[in-house]
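> Sequence and predicted structure, then a few things I'm wondering about:
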Amino acid sequence: MSANWIQDVAARYRAATGSSRSVLSTARSQRSPQLIVSPFASEVRNLSRAPLVYEEQSLLDEALEILPLERLYSGAEQAAEKDDSWGMQDHLILALLKWFRNDFFTWVNEPACTNCLDSQTAAIGGAAPTHQELADGAARVELYECKSCKTIVRFPRYGHPRKLLSFRKGRCGEWANCFTLLCRSLGSRARWVWCAEDHVWTEVYSETKKRWIHADSCETAWDQPRLYEQGWGKKMSYAIAFSADGATDVSRRYIRTEGGQLPRNRIPESELVMTLQAITRERRIALSASEKADLEHEDSAEERELQSYVSQSTPASTAELRPRETGAGEWTEARGENGKRRY
């Protein structure tokens with residue numbers, strides 16, 4: 001891999017975005033009348049629908065009722081008095097981040113036995129969801145056996161944030177899903193960020209900083225985008241942010257060194273750009289001209305920010321140089337996220 005890999009990727013990205021019309025017309029002329037969509041493009045389109053549920057008013061109201069608003073606002077006000085570099089809304093999300101990790105949600109490596117309660121269990125496979133589990137948004141169910149009494153324990157992996165508001169446990173998928181909803185319920189614009197190498201997190205837009213801020217509820221991480229690459233030692237290829245306003249390739253925010261880059265070969269760069277642009281157009285079709293203009297201005301500012309990570313290299317912060325805190329030791333080691341392989 002060339003030492004200038006990130007400049008090469010950025011150049012291809014700029015070429016694709018700068019010539020979207022010619023790329024599209026060329027693609028149409030080369031393809032048959034029945035449009036061929038790559039599996040990765042289809043996957044991205046499916047993922048892009050996930051954050052739409054965060055805009056349901058009844059769900060936002062339900063989420064808001066769960067939050068300890070007095071505690072969160074009080075904590076935010078105290079923090080704002082000590083640090084005015086962030087806005088009040090930023091401090092509110094920071095307070096939410098800490099409360100979510102410490103008091104609300106629980107990380108599950110293996111679920112406790114439902115019969116012996118605290119007894120350890122061991123994974124034995126999976127099972128099809130029941131009708132009720134399907135209704136609650138569980139796409140799959142993990143099975144565990146109690147090491148003491150041999151009870152079989154079901155662990156549904158719920159994908160709908162409404163169920164997660166009461167279930168309140170899981171791994172990064174459940175954490176990011178529920179946390180992003182709660183950010184929206186507090187009035188922040190939030191994006192759900194998907195990494196192709198099996199991790200998800202949140203980005204929240206700061207009106208004070210005028211940029212998207214990395215927020216990982218599993219790790220209580222705020223504005224630490226190099227945590228995965230520099231702290232965990234995680235190798236990544238694609239990181240894509242999805243919201244009700246569209247889809248954005250934010251890989252350059254999180255992948256900045258050659259050692260942390262995996263090949264981006266699941267889709268041609270031009271096709272990825274067109275796919276994300278199409279999703280964004282669809283999400284914004286009902287907006288007013290002024291709303292679209294504001295978002296396009298924001299998009300341009302973000303592109304300049306992402307490009308700045310290519311043109312200049314800055315060291316990771318002390319907060320970002322830490323291994324993964326959630327997950328069992330053997331699990332994080334197998335995933336290359338225990339900090340032993342830093343770049």
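Everything's here; your move. Residues are numbered from 1 along each chain as shown.

> what's the burial count for I152?
The number of residues packed near I152 is 14, by other C-beta atoms under 10 Å. Bear in mind the C-beta positions are built from the backbone N, C-alpha and C, glycine included.

> I'd guessed it sits against L143; true?
Yes - using C-beta atoms under 8 Å, I152 is in contact with L143, at 6.1 Å.

> And the one helix or strand T202 maps to, what does it pack against?
Under DSSP states H and E, the secondary-structure element containing T202 is strand 199-206. Counting contacts by 3 or more C-beta pairs under 8 Å, 6 or more residues apart in numbering; DSSP states H and E, strand 199-206 packs against helix 88-99, helix 172-185, strand 190-195, strand 211-216.

> okay, the closest residue to A80 other than its chain neighbours: pLDDT?
Nearest residue to A80 in three dimensions, chain neighbours excluded: H91, at 4.8 Å (C-beta to C-beta, 6 or more residues apart in numbering). Predicted confidence (pLDDT) for H91: 98.

> thought V250 was touching E305?
No - counting by C-beta under 8 Å, V250 sits too far from E305 to count as a contact (9.8 Å).

> Give the residue from these two that has the larger number of neighbours.
Neighbour count, other C-beta under 10 Å: between V250 and E305, V250 has more, with 23 against 15.

> So what does the closest residue to the more buried one other than its chain neighbours look like in phi/psi?
Closest residue to V250 apart from its sequence neighbours, by C-beta to C-beta, 6+ apart: A241 at 4.9 Å. For A241, the backbone dihedrals (degrees, to the nearest 10) come out as phi -100, psi 130.

> Just list whatever residues bridge to A241.
V193, T248 (DSSP bridges).

> pLDDT below threshold where in this protein?
1-36, 341-343 (pLDDT under 70).

> ok, 80 please
Residue ranges of the chain with pLDDT under 80: 1-36, 118, 259, 312-313, 340-343.

> domain ranges for it?
Following automatic domain parsing, one finds the domains of the chain at 5-108+171-334, 121-164.

> Let me know which of these is the nearest to T114.
T114 sits nearest to domain 121-164 of all those, at 5.5 Å, using C-beta to C-beta.

> Compute the first-to-last residue distance for that closest one.
In domain 121-164, first residue to last residue: 22 Å (C-alpha to C-alpha, to the nearest Å).

> Also stretch 253-268?
Start-to-end, stretch 253-268 (C-alpha to C-alpha) is 20 Å.

> got the domains of the chain as TSV, with distance to N115 columns?
Formatted as TSV, these follow (distance: least, C-beta to C-beta, whole Å):
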stretch	distance to N115
domain 5-108+171-334	17
domain 121-164	4
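
> quick one, strands of the stretch 201-343 of the chain?
211-216, 221-222, 239-243, 246-249 (DSSP state E, counting those that start in this stretch).

> Mind putting those into CSV with distance to W192?
What follows is these, written out as CSV (distance: least, C-beta to C-beta, whole Å):
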stretch, distance to W192
strand 211-216, 11
strand 221-222, 16
strand 239-243, 5
strand 246-249, 10
